[in-house]
Each structure stands twice: as structure tokens, then as C-alpha cells.
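Peer 1: show me how the following folds:
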Amino acid sequence: MRISLFDRGPVRWSARLVFALALGSSGVSAQTAAAPSDVAKRLLDTARQLNGLAIPAIQPWHIKVSFQRYSRSGNFVDQGKYELLWDGSAKTKAIYESPSFSQVQYSSHEGTFVTGDHGDPPGLLALIWWIAYSPLPSERTVAHLGASLHKAAVSGDDLDCVEMGKGPAITRYDRETDTLIDPASDASTPRDSYCFDEHRFLARSSRTINNFGEKIHALFRDPLEFDHRMVARDLDLDLGGILGLTAHVESIEPLQDSSETEFQVPPEAREHGNEEFRFSDLPKSNPSPSLVSVLPGVAARQLVRRTSVIYPQEAKAAGIEGTVVLKGRISKSGTIESLQIVSGPEPLRQAALDAVNSWVYRPYVLNGSAVEVETTINVGFKLERPQDQY
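Peer 2: Next up, the predicted model:
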């Protein structure tokens with residue numbers, strides 16, 4: 001049975017689904033032969049550092065989007081608003097408002113619960129979260145399928161496009177078994193493809209999803225920056241060359257209220273996909289862990305008092321420079337509890353320890369409670385040379 005992604009009914013999608021993407025024929029023409037796979041993988045690695053907001057080392061955010069939906073025949077269906085809020089850890093809140101569908105989704109480690117209309121967002125509205133996340137294949141997916149690089153003309157621009165390998169197309173991720181599920185497919189099945197501009201931004205690329213034989217093209221336009229990451233101001237989705245959804249970012253800003261109240265699930269909220277189960281039926285959550293590991297970038301954002309590092313005179317005279325890597329534990333109050341040297345030039349290590357020992361961080365809060373943090377701290381030492389002064 002073929003499932004329509006226009007206005008003829010809802011389609012179940014999850015943000016953790018792995019979609020089968022392929023380079024579409026609409027406005028795309030290959031120009032050169034594929035390059036070695038390691039070049040394509042490096043391009044994807046770079047793109048993951050620049051595109052979308054789905055990373056931990058970024059401040060909590062709130063994005064507001066307006067959208068318009070169209071039928072398979074190209075006729076206007078309705079318009080509305082979409083909001084997505086992220087608390088900086090594991091909680092999101094998605095708000096859909098339109099004449100045909102209104103719903104609030106609360107997602108966390110406990111699952112996804114909804115209030116408002118039953119079911120999933122209708123048609124291509126289920127993919128509107130792309131405008132915030134700019135989904136790219138994971139390292140695991142690339143390792144599984146392989147990838148190649150080629151040049152392509154997309155809407156008049158000469159772009160670098162990565163095409164996934166010739167293994168079976170991936171259509172979904174099975175959460176219970178933590179495995180990729182491959183559909184029945186022959187060699188002609190379209191493959192995942194991702195196109196990037198000269199700045200390695202996905203924001204102005206065209207992509208296609210092979211969904212039960214139907215292709216969805218996504219065009220990201222007019223990139224904008226938030227916290228050193230790039231998202232598209234505008235997103236167009238079409239199915240089989242017919243425009244099905246347009247979305248426009250009205251605003252994206254740091255989340256003003258990241259408290260538990262903003263993401264608190266109402267007791268009457270229903271479990272997504274199980275309308276009989278209410279949030280109030282859940283057992284009480286386990287308490288937050290007493291110690292969590294965070295990325296260096298996340299910890300750095302919590303730093304509120306930083307003592308300058310004193311460059312040892314002996315190391316200066318000897319021309320020694322480099323980076324001292326420390327493993328640190330930060331207390332619930334934000335002070336340094338312990339430090340351990342991981343690597344770095346011997347003459348620079350003590351200076352790094354002396355400085356970092358007095359650093360103070362904003363307490364790291366998880367589920368409403370302050371917790372101890374374990375992280376990596378990098379302290380750089382670089383000599384000033386005469387040419388550096390000009």
C-alpha cells in the first residue's frame with residue numbers, strides 16, 4: 001500500500017527515523033565521476049559541525065516557524081505556526097497550530113506525550129522539524145553504506161554532493177532492537193544524497209527521500225546563523241515535483257525559560273501512539289545521577305570566572321608551546337573538585353593546573369537538581385612572535 005504524504009491522511013514519523021535520501025532529478029544534474037569515499041566522509045564530518053541545532057554543545061533554543069500546506073494537485077490546504085523548544089539536554093516541546101491540526105508534543109527520556117488532536121501531524125507537516133535539525137547521516141550510517149562525492153548543478157548552483165553507497169536503502173530505525181531496518185529493494189533504488197554549497201552549508205541543497213517508492217525533495221534556502229550553527233530560513237518540500245509544504249523561520253533565539261515548568265507534561269497528556277496511556281500513569285522518574293560527563297564545549301559555556309594562565313618563563317625561553325589537556329571534576333557549586341593531567345608538554349603542565357584550579361563554573365542542572373560534572377579542559381600555550389604583532 002502506498003502512503004500519501006500530502007493532505008490525504010497522517011503519516012507516522014519520528015525524529016529518530018533514518019530516512020532513505022536520494023539525489024532527485026528535479027533541478028539536479030551530475031557533472032563528474034565520484035571521488036574517493038574518504039573525501040565524502042570528511043565532507044559529511046565537516047557539515048555535521050556546521051548544520052542544524054541537534055548537538056549538545058549549544059545553548060537552549062526556541063524556534064518559531066510559519067508554514068503553508070498544499071494538496072497533491074498543488075492546491076492550497078491550510079497554513080499555521082510551528083514552534084520547537086529545546087532545554088539543552090533531553091527535553092523538547094513541539095507546538096503545531098493550524099485550522100486542521102493543533103497539538104503539543106512533549107518529548108524526553110520518558111517518551112513522547114501529546115495534548116490536543118489525536119494522531120500524527122498530517123502529510124509533509126510531519127517533516128517540518130527538518131528546518132531546525134538539517135538531518136545528516138550519522139557516522140554509523142556512513143560506515144554501513146559508504147559514500148562517494150560528485151559535483152552537481154542544483155537550482156543553478158554548482159554544489160558538492162555526497163551520495164551514499166550501493167547498499168540497501170535505509171527507511172527506518174528500530175528503537176527496540178537498535179538496528180537499521182532495510183526495505184525490500186533492487187539495485188535501482190535511489191540512494192541518500194546530500195548537497196553542500198562552498199561554505200559546507202546544507203542550507204541551500206536539494207534532497208530526495210525514497211518513501212515507499214515516492215520521492216520527497218527538500219530545498220533549504222537563505223541560511224541564517226545561531227550560536228555558530230547554520231539553519232535554513234526557508235524550507236520547501238515537494239513530492240514528485242509538486243510542492244507540498246513551505247516553511248519560513250520567523251525567529252530563533254535563546255530559550256528564555258528553560259525551567260521544568262516550560263517542559264512539564266500535563267497529567268492528561270496521552271502517550272504518542274497509545275491514546276489509552278496517560279502521563280500520570282508513569283512511575284516516578286529515577287533521581288538524577290550524581291555525576292555526569294559533558295563535552296568540553298558544554299562545560300566551557302558554564303564558565304563564569306576564569307583566571308588567566310601564566311606562561312612559565314623557562315618554557316618561553318626554550319620556545320615550548322602546545323596544549324595541556326586536563327580531566328576535571330566540577331562540584332555541584334561550580335568549583336573545581338579535582339584535576340588530572342591527560343597530556344601536554346611537561347614544562348607547561350603545572351601552570352595549567354594552577355590556573356584551572358581557581359576557575360568557577362555555573363552549576364550544571366539536570367532535571368531540576370545541580371549535579372557534579374566530569375569533563376575535559378584544554379589549556380593552550382602559544383608564543384607571541386614578531387609577525388603576530390602586526
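
Peer 1: what about the helices in this structure?
Peer 2: Here the chain has its helices, by DSSP state H, at 37-48, 130-133, 139-145, 260-263, 296-301, 313-317, 346-356.

Peer 1: which secondary structure elements does the third one contact?
Peer 2: Under the contact definition 3 or more C-beta pairs under 8 Å, 6 or more residues apart in numbering; DSSP states H and E, helix 139-145 sits against helix 37-48, strand 157-164. Heads up, the C-betas are built off the backbone N, CA and C, glycines and all.

Peer 1: hey, which of the helices of the chain is tucked in deepest?
Peer 2: helix 130-133 (a mean of 22; mean count of other C-beta atoms under 10 Å).

Peer 1: show residues contacting that helix.
Peer 2: 15, 52-54, 63, 65, 84, 218, 220, 231-232, 235, 237, 247, 249, 252 (C-beta atoms under 8 Å, 6 or more residues apart in numbering).

Peer 1: give me the buried entries from those residues.
Peer 2: Among those, those buried by neighbour count (16 or more other C-beta atoms under 10 Å) are 52-54, 63, 65, 84, 218, 220, 231-232, 235, 237, 247, 249, 252.

Peer 1: closest one to residue 165 out of these, please.
Peer 2: residue 218 (20.8 Å; C-beta to C-beta).

Peer 1: and the closest one, how far is that from residue 384?
Peer 2: Between residue 218 and residue 384 the computed distance is 47 Å (C-beta to C-beta, to the nearest Å).

Peer 1: pLDDT score assigned to residue 98?
Peer 2: Looking at residue 98, its pLDDT reads 94.

Peer 1: isn't it up against residue 68?
Peer 2: No. Using C-beta atoms under 8 Å, residue 98 is not in contact with residue 68, being 9.6 Å away.

Peer 1: what sits in contact with each of these two?
Peer 2: Shared contacts of residue 98 and residue 68 (C-beta under 8 Å, 6+ apart): 78, 79.

Peer 1: for the two, work out which one has more neighbours and name it.
Peer 2: Between residue 98 and residue 68, residue 98 has the larger neighbour count (other C-beta atoms under 10 Å), namely 20 against 16.

Peer 1: tell me the phi and psi of that one?
Peer 2: The phi/psi pair for residue 98 (degrees, to the nearest 10) reads phi -160, psi 160.
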